[in-house]
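**Student:** coords please:
(one chain, ligands or ions: 1)
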Amino acid sequence: MARLKVPISGATIAGPAPALWLAKYGADVTVVERWPELRTGGQLVDLRGVSREALRRMGVDTQVRAEREGNFGLSFLDGQGRTKGALRADQFGGDGPVAEIEILRGTLSRVLHDQSRDRVDHRFGDRITSTRDAGTRVNVEFASAPAESFDVVVGADGLHSELRETLFGPESNHLHHLGTYISFWTARDHIGLQDWTVAYNEPGRTIGMRSILGNTKAMAFFSFRAGQPSYDWRDTDAQMRIVKAHASGMGWEAAALLSQLDTAPDSYFDTCSQVRLPKWSAGRIGLPGDAAYSASPLSGHGATIAKVGAYVLAGELAGTRSTPAVDRDLHA
Ligand SMILES: Cc1cc2nc3c(=O)[nH]c(=O)nc-3n(C[C@H](O)[C@H](O)[C@H](O)COP(=O)(O)OP(=O)(O)OC[C@H]3O[C@@H](n4cnc5c(N)ncnc54)[C@H](O)[C@@H]3O)c2cc1C
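**Tutor:** Residues are numbered from 1 along each chain as shown. Okay, the predicted model is just below:
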């Protein structure tokens, strides 16, 4: 029987996860990522419950544990840096608001990518520009690579998915803004945190930092409440201007953190939005992860449900072909 041939758009979490599974099942997989390289940046991802099991089945749990970040808890500070309240990671059995196992989003992405890189063709700096479902095949055009035909297409291209737009129309129909924006950037840890997070609130806005990479750096974060977005999500300069304008005049260590925004090696900004779709596939094109069902960063479960959805999708696709070479019990 011919090998299942699949392109996957997006190389963060919901892309590499099915790529790994489908490659294990003998499929011919190409991951196409808009960015010229694997994207770093972004916050720490909590690994809870079923997510840990998905990682174990993917064979990356040992590496993830080795690369996890220390995290003992979170303190809320006042403008003078005095603690007003705290939560410890060991409260609520390690599955509370502060999770026991956390890994940088970019690290998790790299671990998943490394696990599949020998078996999957990766094309960075390219994107799918059109798909035509011809019944038994999908004809796909790319921005750079020549057009090809595939059995199925997977759209793991995130909150602002272009593939979703081609299937279900403009994102304004499906993106539900929850009234909050978030930003993360890597910064110096100028206050000497030890496996800890601190946050300072003013009405409608929060700024803070968390130690990362063995307490050698900090991940700064800022969130604020505001109405519907009116910027281009691809325009990172505009996003940084928005962050600075909304954080302007904040107390505590805000000025020190914001002064590093322009020179940070990575930064992330987006709305906290949910994606609500009537279904997660159309014909031979399926959408796992944020593209189909973003629960928003406020949920703390984006990476978990992306991984689990990718696992289910890959299992269902693998079930359409004979896959004798692999341990199908992994997908039982
Ligand atoms: C750089 C970055 C930082 C992030 N930081 C945070 C954070 O701090 N907090 C948080 O809650 N969530 C963050 N997220 C979102 C988080 O990763 C997701 O909620 C979750 O992990 C689900 O992942 P996903 O793979 O479905 O989507 P995403 O992580 O959004 O990945 C989508 C991928 O598709 C790529 N892509 C987009 N359009 C195209 C296209 N047309 N063709 C090919 N590739 C395309 C993107 O470059 C990206 O690599 C971040 C995402 C990125 C990309």
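**Student:** number of residues surrounding the residue of the stretch 201-332 of the chain found nearest the ligand?
**Tutor:** Residue nearest to the ligand within the stretch 201-332 of the chain: Gly289 (2.4 Å; CB to the nearest ligand atom). No exception for glycine: its C-beta is placed from N, CA and C like everyone else's. Close neighbours of Gly289, defined as other CB atoms under 10 Å, add up to 32.
**Student:** which residues touch it?
**Tutor:** Residues near Gly289 by CB atoms under 8 Å, 6 or more residues apart in numbering: Gly10, Thr12, Ile13, Ala14, Gly15, Ala156, Gly158, Gly302, Ile305, Ala306, Gly309, Ala310.
**Student:** count of neighbours near the closest residue to the fifth one other than its chain neighbours?
**Tutor:** Setting aside the residues directly before and after it, Gly15 is nearest to Ala156 in space (CB to CB, 6 or more residues apart in numbering), at 3.8 Å. The burial count assigned to Ala156 is 32, neighbours taken as other CB under 10 Å.
**Student:** was I right about Ala156 contacting Pro7?
**Tutor:** No: with contact defined as CB atoms under 8 Å, Ala156 does not count as touching Pro7 (10.5 Å).
**Student:** circling back: name the member of the contacts of Gly289 with the most neighbours.
**Tutor:** Ala14 (34 neighbours).
**Student:** could you find the closest non-adjacent residue to that one?
**Tutor:** Gly289 (2.5 Å).
**Student:** what do you get for His301?
**Tutor:** Counting by CB to CB, 6+ apart, the residue nearest His301 is Ala295, at 5.5 Å.
**Student:** what sits against whichever residue of the stretch 51-200 of the chain sits closest to the ligand?
**Tutor:** Nearest residue of the stretch 51-200 of the chain to the ligand: Gly158, at 2.6 Å (CB to the nearest ligand atom). By CB under 8 Å, 6+ apart, the contact list for Gly158 reads Gly10, Thr12, Ala14, Gly289, Asp290, Ala291.
**Student:** same question, Arg34
**Tutor:** Gly10, Gly125, Asp126, Arg127, Asp157.
**Student:** just the buried residues of stretch 131-139, please?
**Tutor:** By neighbour count on 16 or more other CB atoms under 10 Å, the buried set for stretch 131-139 is Thr131, Val138.
**Student:** appreciated, that's everything.
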